[in-house]
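Undergrad: sequence-free structure coming up:
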Ligand SMILES: Nc1ncnc2c1ncn2[C@@H]1O[C@H](COP(=O)(O)OP(=O)(O)O)[C@@H](O)[C@H]1O
Ligand SMILES: [Mg+2]
């Protein structure tokens, strides 16, 4: 359905994309997971024809983006990271405006807007000006406006950043419904929980490059970190944490708990306990956790996904 080949983008001297390639099958839910500044928005903006690439190709539903942008645009709905709505207009009028840009006929559009406002739980507020809406409600209208022309493919760029939990859950429900109905979805996020929850396949992006790609299981198998040993201490100090970090370089501290990232928890657990005893650290709890996307990212880059 979508093929992206060797996409490059330079902003002056900044190399935002250094050759990104991936393909997405019809009906797939593809996640682009990476920290701020990784190149997610740049990738989505190029795929949405908002931005010109420096090099590389994008093919959507058999159409080349460069030679056939209009056909590509008909196929896709785009939910940009920055919400674009007219605050002094009602939700209904905003949707009428966006829908008319796509050339949907007025009669069809009114029917469609009605359905979509119900889907997003905003029907009762449809005549209120958007400026009276919460951030989450604006986000829902923003997503709704991308769906008016019934696109086969939906691009969503960090659609849940900075919104209330109620709106977030509703967006999750709608997105899952759309996926079940057969829509192909490309979803960018820096929240690993979202990528784990929804995505059939995940591309891990960092510094303008896809550094790993696959299903969650495939990514887990390829990770050098296999487990996280989380140990809570009663008397952890900065000084003791320093000492422990010397023996175990791959650690992260959360208050009184240390996460030790390991490829062999059977071996390492005994050593860590011994080491802790030697340092006079009192252990209050031990938990061994399976590798998640956060640790996979750490194992690939040496960095936290959320710094
Ligand atoms: N208009 C721009 N001018 C210059 N640099 C930019 C511009 N837009 C993005 N960048 C840079 O390109 C890189 C990728 O940005 P972006 O695609 O927005 O990342 P993400 O969406 O993953 O946070 C970052 O280093 C960012 O600072
Ligand atoms: Mg972005």
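TA: Perfect, I can see it now. Because the structure is a prediction, the values reported are computed rather than measured. Ligands and ions are numbered 1, 2, ... in the order given.

Undergrad: what about the residue nearest the centre of the chain, distance to residue 181?
TA: Among the residues of the chain, the smallest C-alpha distance to the mean C-alpha position (Cα atoms, centre = their mean) belongs to residue 189, namely 1.7 Å. To residue 181, residue 189 is 21 Å away according to Cβ to Cβ, to the nearest Å. (Glycine included, C-beta is placed from N, CA and C.)

Undergrad: again, but for residue 234
TA: Here the criterion is Cβ to Cβ. By it, residue 234 lies 52 Å from residue 181.

Undergrad: what do you get for residue 262?
TA: Noted for residue 262: a distance of 42 Å to residue 181, by Cβ to Cβ.

Undergrad: neighbour count: these two, which is higher?
TA: Residue environment comparison for residue 262 versus residue 181 gives the larger neighbour count to residue 262, 24 against 8, counting by other Cβ atoms under 10 Å.

Undergrad: any part of stretch 279-298 near ligand 1?
TA: No. With Cβ under 6 Å from any ligand atom as the criterion, ligand 1 is not reached by stretch 279-298; the gap is at least 13.2 Å.

Undergrad: where does residue 43 land on pLDDT?
TA: We have a pLDDT of 98 for residue 43.

Undergrad: same question for residue 307.
TA: As predicted, residue 307 sits at a pLDDT of 57.

Undergrad: swap in residue 225?
TA: Spelled out, the predicted local distance difference test score at residue 225 is 88.

Undergrad: isn't it right up against residue 262?
TA: Yes. Contact status for residue 225 versus residue 262: in contact at 6.8 Å, counting by Cβ atoms under 8 Å.

Undergrad: mind listing the shared neighbours of these two?
TA: residue 250 (Cβ atoms under 8 Å, 6 or more residues apart in numbering).

Undergrad: measure residue 48 to residue 5 for me?
TA: For residue 48, the distance to residue 5 equals 17 Å [Cβ to Cβ].

Undergrad: my error: substitute residue 34 in the last question.
TA: In this view, residue 34 and residue 5 are 19 Å apart by Cβ to Cβ.

Undergrad: could you list the low-confidence segments of this structure?
TA: Low-confidence segments of the chain, defined by pLDDT under 70: 307.

Undergrad: contact residues of it facing ligand 2?
TA: Proximity of the chain to ligand 2, by Cβ under 5 Å from the ion, involves residues 40-41, 81.

Undergrad: if you rank those residues by neighbours, which is first?
TA: Comparing these on neighbour count, residue 40 comes out first with 23 neighbours (neighbours: other Cβ under 10 Å).

Undergrad: that one against residue 158, yeah?
TA: Yes. With contacts defined as Cβ under 8 Å, residue 40 counts as touching residue 158 at a distance of 7.2 Å.

Undergrad: what sits in contact with each of these two?
TA: 188, 190.

Undergrad: you'd agree residue 231 is in a helix?
TA: No. Judged by DSSP: H, G, I helix; E, B strand; the rest coil, residue 231 forms no part of a helix; its state is strand.

Undergrad: my guess is it meets residue 262, correct?
TA: No. Using Cβ under 8 Å, residue 231 makes no contact with residue 262, being 11.6 Å away.

Undergrad: can you mark which positions in stretch 4-14 are buried?
TA: Of the residues in stretch 4-14, those with enough neighbours to count as buried (16 or more other Cβ atoms under 10 Å) are 4, 7-9.

Undergrad: how far away is the residue in the chain positioned nearest to ligand 2 from ligand 1?
TA: Closest residue of the chain to ligand 2, Cβ to the ion: residue 41 (3.1 Å). Here the criterion is Cβ to the nearest ligand atom, to the nearest Å. By it, residue 41 lies 3 Å from ligand 1.

Undergrad: element containing that residue, please.
TA: Per DSSP states H and E, residue 41 falls inside helix 40-47.

Undergrad: show me what that helix is packed against.
TA: strand 2-11, strand 14-24, strand 29-33, strand 55-60, strand 153-157, strand 184-189 (3 or more Cβ pairs under 8 Å, 6 or more residues apart in numbering; DSSP states H and E).

Undergrad: mind running it again at 6 Å?
TA: Applying 3 or more Cβ pairs under 6 Å, 6 or more residues apart in numbering; DSSP states H and E, we find helix 40-47 packed against strand 14-24, strand 153-157.

Undergrad: please identify the most buried of those strands.
TA: For the helices and strands packed on helix 40-47, the stretch with the most neighbours on average is strand 153-157, a mean of 23; neighbours defined as mean count of other Cβ atoms under 10 Å.
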